[in-house]
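Participant: sequence and predicted model, in that order:
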Amino acid sequence: MTGTFRHEQLRRQAERELRGRLLPPWQNRVLQRCFVEVANGWFPLLNQFTPHTPRNRPDAVLVGPLGVLVVLLREEEPDWETSRGAFVWTAELLAGAETSQGMLTEAALRAVVVHPAEFRGRRGFSGEHLAITEAELDRVLVRGEHLLDPGDARTVAHHLDNRTFDLAPLGWQAHLIPAQREPGQRGGALFEVGDLRRERVRRALDRPFRDWRIFLDDTQLGVVRRRYSGPARITGPAGTGKSVIALHRLAYLARRTTGPLLFTTHVASLPRIAREQFRSLAPHLVSRVEFVHLHRWARDFLADRGCAAEVDEELVDAAFEAAWQRDDLVEPLRDFRAARSYWRDEIDRVIKGRGIRCLDGYQAVPRKGRGQHLSREFRCRVWEFYCEYERQLSERGALDHNNVLMRALAELERDPLPRPYAAAVVDEVQDLTLNGLRLVRAISGDGPDQLLLVGDGQQQVYAGGWRLSEADISLRGRGEVLRRNYRNRAAVLDRAGELDAINRFDDLDGGPSVPLRSALPVLPGGRVVEWSGDDQEQALVSALRHLDDATDAVVLTRTHQAAEHWERVLRAAGFAVRRLEHWEPGAAEAVHVGTVHRAKGVEFRSVFLPAEHHHTAHREEREALHRHRLVAMTRARDNLWISRGRDG
Ligand SMILES: Nc1ncnc2c1ncn2[C@@H]1O[C@H](COP(=O)(O)OP(=O)(O)OP(=O)(O)O)[C@@H](O)[C@H]1O
């Protein structure tokens, strides 16, 4: 009954406080309703201009357990620019608000448009805001995920109150609300910064593993909000939050621009994953950003221009195979490097990947990261082989991925996009070809905030060898290097840091780079098991069975064949198995299996790395293998199981 009495008391107080405002009756009812919610841990703030609030400002802001509600009281349906304006205004006031879990992020904000009960227009979520009638307000205030604990809600409400005269507390007064203390907590004492950080981390660990509403640290927040006068890059070792920041920045830019935005990458599986992550970060903005694999972008673009260009992988493989059968051409190549894949890379990544069109161009190219020097004479042999491949392609009427990128680039240069992107973000930029990079530069332009490159040379899994300047991209020091690793527990990070996974060639243009071993682990603990023995399959299966949460585990391999093998082994052992290609957020019912290339953008509690013997005498190949290994190991948050195979 105390609750009812308290509510009644608050309602009367609300009546008194709102009396002089000449509000339409329905708005009065809504605000009274909000006022009463003070009893349930909400902190309403009323816009001082209500009911004559400027169009794109909120009439009220409610801070409480379910986050921050940016409330617009409207008879008519507002357009999206209006509700977005109110959202952005509030988000900017909240910039820098600290909670016990770190900086408050925009993910905790929602725009809610409240209409009178008789409103008959569109209701529900429009992409920018949730539209409800006054009768539905209860539901919004009561149902939903708890995002702020009472202390945090109070801190955030205070922050808003201090940042503007436009919003004033409704039904609560800053100085009348006692500071809440945990039982046994000393009053008024200052915390050591270290304690606070530890506390923040402890709380972060209590959150569900795939919880995306992370809180940015100061460096990260700086990158999200900084204005860059031209192309910029974010780099830093694995797990330092590069992709998280890329998405936060997209959300930030989406609120400040009107044009479309682009997230693209060379990794086929990543755009889908990034879209899902972005959706949970900023659901109302998801329609503003195009998440697309760069090759698909090029194909779609060409199709739109009436010059469709599809890649038939089988035909491309057949063309290469036919050229590879030409012993007269291939014999000298084999003497240099026996592996077919080496020469395929030479064409895909060096010759075509760099847009080289004539032998003179090939003679002049540095071939960084490709091992021994090739003499002029030898390059002529390679060029002959390449010409044969091209002949085989055209005989089949086939195009490879490089052809498509080059065509898209030429088409874009001929006739630029009618509606340019407001900004583009490229993730895993270290794995693009030079052609890909040039295309990205042509898509985005190089104006302020238009192009953000995100990557880490140490995680390069495809042959590279370009410099940004070759794609006409100049960074002039714009960007940030991140150092704090949030993903891997200390033991996992230590182990991965032991790898000699240097990348002496692609440091994204000489900017400072931080190797994984210099990353600062945020999460303590972790477990690394190095196994060796006779029956690797039985050992891996048994280790999987002993996990608390076997479903948040992945078996990562170097090759597709190995992934297929492990899929069979695990199924035979009774596990539900899902290929990494089909990874879904929250799909927790199966053990994942896949190649390292497919593991970008995802992370697991436990990673299993079976031994795959692949010896090579070449230094740059060894380094590349170590980079693969590094990517694989750093997908693990808590547990890493590494098999050394039989020889230990
Ligand atoms: N400030 C933060 N607080 C808590 N968790 C964070 C923070 N920043 C990032 N994370 C978490 O750290 C993990 C790694 O982030 P992210 O994938 O963005 O790193 P990355 O640098 O892109 O990694 P990689 O290069 O290995 O792909 C994610 O689980 C992310 O949610």
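Facilitator: Cool, got the structure. Numbers count the residues shown, from 1 in each chain.
Participant: so what's the spatially most central residue of the chain closest to, chain neighbours aside?
Facilitator: In the chain, the centroid-proximal residue (C-alpha atoms, centre = their mean) is residue 243; its distance is 3.4 Å. Distances taken as C-beta to C-beta, 6 or more residues apart in numbering put residue 427 closest to residue 243, at 5.8 Å, once the chain neighbours are dropped. Bear in mind the C-beta positions are built from the backbone N, C-alpha and C, glycine included.
Participant: tell me which residue in the stretch 1-150 of the chain sits closest to the ligand.
Facilitator: Residue of the stretch 1-150 of the chain nearest the ligand, by C-beta to the nearest ligand atom: residue 102 (6.1 Å).
Participant: that residue against residue 220, yeah?
Facilitator: No: taking contacts as C-beta atoms under 8 Å, residue 102 lies outside contact range of residue 220: 9.7 Å.
Participant: tell me which of the two has more neighbours.
Facilitator: Neighbours were counted for residue 102 and for residue 220 using other C-beta atoms under 10 Å; residue 220 has more, 26 against 20.
Participant: can you tell me the SS state at that one?
Facilitator: Of the three states, residue 220 takes helix under DSSP: H, G, I helix; E, B strand; the rest coil.
Participant: so who does it touch?
Facilitator: With contact taken as C-beta atoms under 8 Å, 6 or more residues apart in numbering, residue 220 is in contact with 241, 244, 245, 248, 482.
Participant: buried ones from the residues you listed, can you make that a PyMOL selection?
Facilitator: Command for PyMOL that selects the buried part of these, burial taken from 16 or more other C-beta atoms under 10 Å:
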select buried, resi 241+244+245+248+482
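Participant: need the contacts of residue 220 in TSV (columns: distance to residue 21 and secondary structure).
Facilitator: What follows is the contacts of residue 220, written out as TSV (distance: C-beta to C-beta, whole Å; DSSP: H, G, I helix; E, B strand; the rest coil):
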residue	distance to residue 21	secondary structure
241	45	coil
244	43	helix
245	43	helix
248	38	helix
482	48	coil
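Participant: now distance to residue 413 and pLDDT too, for the contacts of residue 220, in a markdown table please.
Facilitator: Below are the contacts of residue 220 laid out as a markdown table (distance: C-beta to C-beta, whole Å; pLDDT from 0 to 100):
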| residue | distance to residue 413 | pLDDT |
| --- | --- | --- |
| 241 | 35 | 91 |
| 244 | 34 | 89 |
| 245 | 31 | 90 |
| 248 | 32 | 89 |
| 482 | 34 | 90 |
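Participant: tally of neighbours for residue 638?
Facilitator: Applying other C-beta under 10 Å, we find 21 residues neighbouring residue 638.
Participant: what about it, which SS state?
Facilitator: Applying three-state DSSP: residue 638 is strand.
Participant: which SS class is the residue nearest to it when sequence neighbours are not counted?
Facilitator: Computed as C-beta to C-beta, 6+ apart, the closest residue to residue 638 that is not its neighbour in sequence is residue 605, at 4.8 Å. Under three-state DSSP, the three-state class of residue 605 is strand.
Participant: wait, isn't residue 575 in contact with residue 540?
Facilitator: No: judged on C-beta under 8 Å, residue 575 makes no contact with residue 540 at a distance of 10.7 Å.
Participant: quick one: contacts for residue 575?
Facilitator: Applying C-beta under 8 Å, 6+ apart, we find residue 575 in contact with 541, 544, 550, 590, 591.
Participant: gap between it and residue 98?
Facilitator: As judged by C-beta to C-beta, to the nearest Å, residue 575 and residue 98 stand 43 Å apart.
Participant: now swap in residue 555 and tell me
Facilitator: 40 Å.
Participant: more crowded one of the two?
Facilitator: residue 555 (27 against 15).
Participant: and that one, which of the three is it?
Facilitator: Following three-state DSSP, we place residue 555 in the strand state.
Participant: ok, now how distant is it from residue 424?
Facilitator: From residue 555 to residue 424 the distance is 34 Å (C-beta to C-beta).
Participant: on the C-terminal side of the helix or strand in which residue 412 is found, identify the next helix or strand.
Facilitator: Using DSSP states H and E, residue 412 maps to helix 401-414. Scanning forward in sequence from helix 401-414 by DSSP H and E, the next helix or strand is strand 423-427.
Participant: tell me what the next helix or strand after that next one is packed against?
Facilitator: Downstream of strand 423-427, the first helix or strand assigned by DSSP H and E is helix 434-444. Under the contact definition 3 or more C-beta pairs under 8 Å, 6 or more residues apart in numbering; DSSP states H and E, helix 434-444 sits against strand 261-265, helix 294-304, helix 401-414, strand 423-427, strand 451-455.
Participant: pLDDT value on residue 441, please?
Facilitator: On pLDDT, residue 441 comes in at 94.
Participant: is it true that it touches residue 474?
Facilitator: No: if you go by C-beta under 8 Å, residue 441 and residue 474 don't touch, sitting 10.4 Å apart.
Participant: and the residue nearest to residue 638, how far from the ligand?
Facilitator: Per C-beta to the nearest ligand atom, to the nearest Å, residue 605 is found 11 Å from the ligand.
Participant: list the contacts for that residue?
Facilitator: Going by C-beta under 8 Å, 6+ apart, residue 605 touches 209, 547, 549, 552, 553, 636, 637, 638, 639.
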